[in-house]
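**Student:** structure for this input, please:
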Amino acid sequence: MPACHLICCNSLKSKGVEMCILVHEEMLRIEDKDAVTIWKAVGKFIGYYLQQDKHVILPNIGKFYVQEIKIPIAHNPSRCVCRKRLVFLISSQLAINFRIKFSTDQIENPNPQITVNRSTISCLCHKPRFKVDLCLREIAAFVYDRLATKLLVQLPFPGIGVLIIKGETYRMLFDDRFAAKIQETDYIKEIL
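**Tutor:** Next up is the predicted model:
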């Protein structure tokens, strides 16, 4: 129990109030159905912003983004076909701590970056913000614990795909339907 919590409880006990312990225990507990609801909202949040070509950062896990690949047109060198591709880049902190092979972030024209917003997710799933925060911390702790014991990590992102970390390598298997939504818009662009 944290020191500040003990001080709080001791000062309240002297006044005859013992609800402090009950409130603290309620805040530290998250039920399975709440965790599932929150994680689905996280998937919706990530999917929504990826469809808008924004980079989404999930703290302590990694970053999702849409990469633009330029393919030159042979008969007209001033134009190229642009294709979009979904990419997941693992967190450098996670990679360094567990010696996971990763490439550094090499993006030519970065789009706006958005960190997973706990308040927005709280509104999406109608759960208190502290439960969203607790759920995201528990998921990060789950990933770290599995990696520390050298076990296979499979982290599903609803509607997006599954992150698989095995040994020193990782791979994000994107959902085919979601990838098709992102990649369906090829377009021709002038090269300046």
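**Student:** tell me which residue lies nearest the centroid of this structure.
**Tutor:** Closest to where the C-alpha atoms of the chain average out (CA atoms, centre = their mean) is residue 58, at 3.1 Å.
**Student:** the nearest residue to it once chain neighbours are set aside: what's it in contact with?
**Tutor:** Leaving aside its chain neighbours, residue 58 sits nearest to residue 116 (5.2 Å; criterion: CB to CB, 6 or more residues apart in numbering). (C-beta placed from N, C-alpha, C; glycine too.) Shown in contact with residue 116 (CB atoms under 8 Å, 6 or more residues apart in numbering): 42, 45-46, 56-59, 136.
**Student:** what's the pLDDT at residue 131?
**Tutor:** The confidence metric pLDDT takes the value 93 at residue 131.
**Student:** now the element after the host helix or strand of it, going C-ward?
**Tutor:** Using DSSP states H and E, the element containing residue 131 is helix 129-148. Note on helix 129-148: by DSSP H and E, the next helix or strand toward the C-terminus is strand 153-157.
**Student:** what residues of that next one count as buried?
**Tutor:** 153, 155, 157 (16 or more other CB atoms under 10 Å).
**Student:** let's have those in TSV, adding pLDDT and distance to residue 146.
**Tutor:** TSV is the format used below for the buried residues of strand 153-157 (pLDDT from 0 to 100; distance: CB to CB, whole Å):
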residue	pLDDT	distance to residue 146
153	95	5
155	95	9
157	96	16
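**Student:** could I get those in a markdown table, plus columns for distance to residue 132?
**Tutor:** Formatted as a markdown table, those follow (distance: CB to CB, whole Å):
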| residue | distance to residue 132 |
| --- | --- |
| 153 | 21 |
| 155 | 17 |
| 157 | 15 |
